[in-house]
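[1] My questions concern the predicted model and sequence given below.
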Amino acid sequence: MYNVVIITYYKRFQEWFKPLLLEVKKQRPNCEVIVAVNGEISSFREDFRKEILNFCAEFEKVYPILYPRFRGFSRLCNLSIQFSPEENVLILSDDITLEEEFFKHYEDILNYTSVNPKEGQSFSINDSFSAFSINKKDAIDINWFDERFLGMGYEDGDFIERYKYVKKARRFPILVTSSCKNTVDKNLPHLHNSKLEKFIESEERLVSQRLDESGRYSLFNKEVKENKDFIQIQYPYEKYYLDNKDKL
């Protein structure tokens, strides 16, 4: 019915990725997991390559894909969805915390949407794209994530707007569950992730990424959002990547 994708990079290996993969395999040991390991702007760290490959090898049905250089979140999502063997793909960023019963909640909503297709089989978890589920047919209908977002941020909002436009929907569906901690909103105590809050405050962002006024997202991506066509007319955007990769 589904497989899991985890998107990660070296700065998050010990504190975030390892506990997340352990929890996924604890709850669903037979689930196939694709690990999309992003690179850096410069060279890939050899020590990290060895560590993450050795760690993934401890589990059955875990398939790492290593990107020698940094690629945008959209690119990693698109390829991971295409490589996924199942119709539904649960995509997890490495900076979330899963608790007991998460996969039961996730599977319950998949089972519900399979018999109520108008509800939509793609949905975010806790109104965040730190954890979300994509049905392959939806990805095709919406024309994938826009790969012109070469840096960090804004690609999820763009995907949601195109989803609403294509599906004539009021919103992108949401699964709310306290078993996934993926927000730093103190006004939502049942979802609040204090560990993530501390991490975001202390994390050094990728080298060579010019950040917008929020300090979290790429200025390059903000400029793309403000100037790009609403509906993309070319996929994949490999030529766009080659023409713009040095502008990050």
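    It's in. Numbers count the residues shown, from 1 in each chain.

[2] Could you point out the helix or strand that follows the helix or strand hosting Lys26?
    Following DSSP states H and E, one finds Lys26 within helix 18-27. Sequence order places strand 33-37 as the next helix or strand after helix 18-27, per DSSP H and E.

[3] That next one pairs with which strands, parallel or anti?
    strand 2-8 (parallel), strand 62-66 (parallel) (DSSP bridges).

[4] Can you lay out the ones you listed as CSV showing mean pLDDT and distance to Phe123?
    No exception for glycine: its C-beta is placed from N, CA and C like everyone else's. Converted to CSV, these look like this (pLDDT from 0 to 100; distance: least, CB to CB, whole Å):
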stretch, mean pLDDT, distance to Phe123
strand 2-8, 97, 12
strand 62-66, 98, 24
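
[5] Single out the most deeply packed of those strands.
    When the strands paired with strand 33-37 are scored by mean count of other CB atoms under 10 Å, the highest mean neighbour count falls to strand 2-8 (a mean of 23).

[6] Helix 18-27 and that one, what's the angle between them?
    With axes from the mean of the first three to the mean of the last three CA atoms, to 10 degrees as the basis, strand 2-8 and helix 18-27 are set at 170 degrees to each other.

[7] got a list of contacts for strand 2-8?
    Residues outside strand 2-8 that contact it (CB atoms under 8 Å, 6 or more residues apart in numbering): 16-17, 20-21, 24, 28, 31-38, 52, 73, 76-77, 80-81, 84-94, 106-107, 110, 133.

[8] Just the buried residues from those, in PyMOL please.
    Remark: buried members of those, expressed as a PyMOL selection using 16 or more other CB atoms under 10 Å:
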select buried, resi 16+17+20+21+24+28+31+32+33+34+35+36+37+38+52+73+76+77+80+81+84+88+89+90+91+92+93+94+106+110+133
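
[9] residue ranges with poor pLDDT in the protein?
    The chain contains residues with pLDDT under 70 at 114-120, 200-208, 230-238.

[10] Which stretches in it count as strands?
    2-8, 33-37, 62-66, 88-93, 97-98, 123-125, 131-135, 174-175, 180-181 (DSSP state E).

[11] export those strands to TSV and tack on distance to Arg45?
    What follows is the strands of the chain, written out as TSV (distance: least, CB to CB, whole Å):
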stretch	distance to Arg45
strand 2-8	13
strand 33-37	11
strand 62-66	11
strand 88-93	20
strand 97-98	25
strand 123-125	30
strand 131-135	26
strand 174-175	35
strand 180-181	28
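
[12] Tell me the spacing between Val89 and Ile34.
    Using CB to CB, to the nearest Å, Val89 is found at 8 Å from Ile34.

[13] That should have said Phe159, apologies.
    For Phe159, the distance to Ile34 - CB to CB - is 19 Å.

[14] what does Phe103 give?
    According to CB to CB, Phe103 and Ile34 sit 16 Å apart.

[15] what does Glu51 give?
    18 Å.

[16] which residues does the residue nearest to Ser133 when sequence neighbours are not counted bridge with?
    Nearest non-adjacent residue to Ser133, counting by CB to CB, 6 or more residues apart in numbering: Leu90, 5.1 Å away. When bridges are called by DSSP bridges, Leu90 pairs up with Val4, Ser133.

[17] Do I have it right that Leu90 meets Ala131?
    Yes - with contacts counted by CB atoms under 8 Å, Leu90 reaches Ala131, the gap being 7.5 Å.

[18] Now do the contacts for Phe13.
    Here Phe13 is in contact with 48, 51-52 (CB under 8 Å, 6+ apart).
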